[in-house]
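In: requesting a structural model of the entry that follows:
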Amino acid sequence: MIRAGRAGQVQTMHDLAAVHQPKPISYGRFRNLSPHLRSGYPSPISSPGAKTLLWDREQTSAYYAGDPIPDITGPEDDEDLLDLQEAAAEVGVTARTWNSYRYDPRLAEHVVLVPERAADDKLPQVEHWPRGVIRAFKASRPVKWKGPAGGRSKGSGDIVPRDQIVPRVAAMLDDDPAVTAAAVVDELGVIMDTALKYLAQLRGRRIADLIEADPSLSPDAAAARLGYPAITRRSALAAAQNEQHRRTVQPYLQGVADALAEAGVAEATKVEVLQAGDHLAAAILLHPEQPAQALVWTERHGWRTATSRRHPIGKDPAPEGDGIRYLSADVKPEPTAVLEALSDRRRGRKLPY
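Out: Below you'll find the predicted structure:
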C-alpha cells in the first residue's frame, strides 16, 4: 500500500538498481544479486504476490545511509493508493475479478500509475486506486441480484457500454453464482450469446483461480464449491480448461517480454494471452526504431514479426508478405534467442516453419 501523499517516493527494482550503493548497477545485475533480499533491507510496500515490487525511497535512502529505517505506517486514509490485490480485498472479490472491474469508468477515471515518470520513460509503472474511490465503487455496486422481475424489459437494447459489460456481469455473478444468462440479458440489454459467453468465461476464470489456490480440487468439485448450477458447468469447465492452458504459457511469454524490455527494444508490459481461433496468441509492441511494429507469438508457429501495432495478431493465423518474418522453428525459444533473431534480419523465414 502507498500511504496518502507518498506516491512521489515510490521506487521499482529498476529504480533501486540506478541508486544502488556503492555504485549503480544494471537491472539484470540487481535482480541476480538480489540485495533487496538481504537482512535489514526495507520491505516492499507492494502487496504480497504483486508482480512488480515497490519500495519507499525514504526507507531505501535511510538503509544506504546507515540510518534507522523510518516508519511510514499510519491510519487509513481515503487517499491511500491500493494495488490490484489490495483493491480486490477491499471490495471482497478475487484479484482476477477486480481485473475485470478496473475498466469500469468509476475506477478507470481515477487510476494512478506509480512511480511517477516522464511521458517518454519506458520503465514500468503499476496501477493503483485511491481507497476512497474503491469504497465509493463498492457502495455503488448493485444489491444482491433478485432475478429478472426487478430488471429491465427484454429487448430494451444494448443499454450498457461495451467496456462495462464484463464488470457488470462479474458483479452479478458475485451476488449470485447461479445467475442465469436470461437475467444478464434482461438486466444489461445484451444478446443471449454475449451473456452466455461472458458468464462462461468468468466462471471458468474463477474455477481456475480456485484450483490454483487448492490443487487438490477437481474442476467439477471447484465448480460445485463456487455454487455453479450443473446446467452451467459444461461451458464453465471448458472455459476453465482454456484459462488454465493460458496460464501455463503466460509465464514464458512474460519472460520474453521482460527480456525485450530490459534490452530496450520493447515496451514494458504485462502480456495478455488471447484465444485466436483454435489456438493461443500474444503480442509484444516494439519501439519505433525496431525492424518491426510488434512481435506475435502463437502456439502453432512460435514468434513472428508483425506490421501493425493496432492489430498485430490479426485474423490470419499464419500471415505472409513484406515485414513478416518467422523467427524460429522452436515454438518456445529462449528469450535471448528471440532477441537475437529479431535483431538479425538475416535470420528467420518468410513462411511458417
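In: where do the helices sit along the chain?
Out: Per DSSP state H, the chain carries helices over the ranges 13-18, 27-33, 57-65, 84-91, 95-101, 105-108, 131-140, 162-175, 181-188, 192-213, 219-225, 230-262, 335-343.
In: quick one: which of those helices is nearest A283?
Out: Of all the helices of the chain, it is helix 230-262 that lies closest to A283, at 9.6 Å by Cβ to Cβ. Just so you know, the C-beta spots here come from the backbone N, C-alpha and C atoms, and that holds for glycine as well.
In: angle of the closest one against helix 335-343?
Out: Computed by axes from the mean of the first three to the mean of the last three Cα atoms, to 10 degrees, the angle separating helix 230-262 from helix 335-343 equals 70 degrees.
In: and helix 230-262, what does it pack onto?
Out: On a contact count with 3 or more Cβ pairs under 8 Å, 6 or more residues apart in numbering; DSSP states H and E, helix 230-262 meets helix 192-213, helix 219-225, strand 279-285, strand 294-298, helix 335-343.
In: how about CSV for the ones you listed, with distance to Q21 added?
Out: Below are the helices and strands packed on helix 230-262 laid out as CSV (distance: least, Cβ to Cβ, whole Å):
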stretch, distance to Q21
helix 192-213, 39
helix 219-225, 48
strand 279-285, 33
strand 294-298, 36
helix 335-343, 29
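In: save these as a markdown table, and put in distance to M172 and mean neighbour count too.
Out: Listed next are the helices and strands packed on helix 230-262 as a markdown table, based on distance: least, Cβ to Cβ, whole Å; neighbours: other Cβ atoms under 10 Å:
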| stretch | distance to M172 | mean neighbour count |
| --- | --- | --- |
| helix 192-213 | 9 | 20 |
| helix 219-225 | 17 | 18 |
| strand 279-285 | 28 | 21 |
| strand 294-298 | 34 | 23 |
| helix 335-343 | 41 | 18 |
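In: can you add distance to R309 and mean pLDDT and give those back as a markdown table?
Out: Listed next are these as a markdown table, based on distance: least, Cβ to Cβ, whole Å; pLDDT from 0 to 100:
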| stretch | distance to R309 | mean pLDDT |
| --- | --- | --- |
| helix 192-213 | 26 | 92 |
| helix 219-225 | 37 | 94 |
| strand 279-285 | 6 | 94 |
| strand 294-298 | 6 | 96 |
| helix 335-343 | 15 | 94 |
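In: select, out of these, the one closest to K51.
Out: Checking the helices and strands packed on helix 230-262 against K51 by Cβ to Cβ gives helix 192-213 as the closest, at 15.0 Å.
In: flag the shaky bits of the stretch 151-300 of the chain, pLDDT-wise.
Out: 151-159 (pLDDT under 70).
In: and the closest residue to D104 other than its chain neighbours, what does it touch?
Out: Nearest non-adjacent residue to D104, counting by Cβ to Cβ, 6 or more residues apart in numbering: P167, 4.5 Å away. Going by Cβ atoms under 8 Å, 6 or more residues apart in numbering, P167 touches S100, Y101, Y103, D104.
In: re earlier: nearest to D120, of the helices and strands packed on helix 230-262?
Out: Shortest distance between D120 and the helices and strands packed on helix 230-262, using Cβ to Cβ, is found for strand 279-285: 15.1 Å.
In: who does that closest one pair with, and is each partner parallel or antiparallel?
Out: Sheet pairing of strand 279-285 (DSSP bridges) gives strand 274-276 (antiparallel), strand 294-298 (antiparallel).
In: quick one: stretch 51-70 to chain centroid distance?
Out: Distance, stretch centre to chain centre, for stretch 51-70: 27 Å (Cα atoms, centre = their mean, to the nearest Å).
In: count of neighbours near S140?
Out: Using other Cβ atoms under 10 Å, S140 is surrounded by 9 other residues.
In: which non-adjacent residue is nearest it?
Out: S140 sits nearest to R106 (Cβ to Cβ, 6+ apart), 6.7 Å away.
In: could you count how many residues lie near the one you found?
Out: 15.
In: could you do H245 as well?
Out: H245: 15 surrounding residues under other Cβ under 10 Å.
In: from what I see, it and L280 are in contact.
Out: Yes: using Cβ atoms under 8 Å, H245 is in contact with L280, at 6.9 Å.
In: dump the helices of the chain into a markdown table; add distance to W297 as well.
Out: Listed next are the helices of the chain as a markdown table, based on distance: least, Cβ to Cβ, whole Å:
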| stretch | distance to W297 |
| --- | --- |
| helix 13-18 | 24 |
| helix 27-33 | 22 |
| helix 57-65 | 36 |
| helix 84-91 | 24 |
| helix 95-101 | 21 |
| helix 105-108 | 28 |
| helix 131-140 | 34 |
| helix 162-175 | 24 |
| helix 181-188 | 33 |
| helix 192-213 | 21 |
| helix 219-225 | 26 |
| helix 230-262 | 6 |
| helix 335-343 | 9 |
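In: against V91, how distant is the residue nearest to D104?
Out: For P167, the distance to V91 equals 11 Å [Cβ to Cβ, to the nearest Å].
In: need the overlap of contacts for those two.
Out: Residues touching both P167 and V91 by Cβ under 8 Å, 6+ apart: Y101.
In: what's near enough to touch Y103?
Out: With contact set as Cβ under 8 Å, 6+ apart, Y103 has these partners: D163, Q164, V166, P167.
In: thought W98 was touching the third one, still the case?
Out: Pointing back at V166 there. No: in this structure, V166 is not within contact of W98 by Cβ under 8 Å, at 11.7 Å.
In: these two - which one has more neighbours?
Out: Higher neighbour count among V166 and W98: W98, with 25 against 18, using other Cβ under 10 Å.
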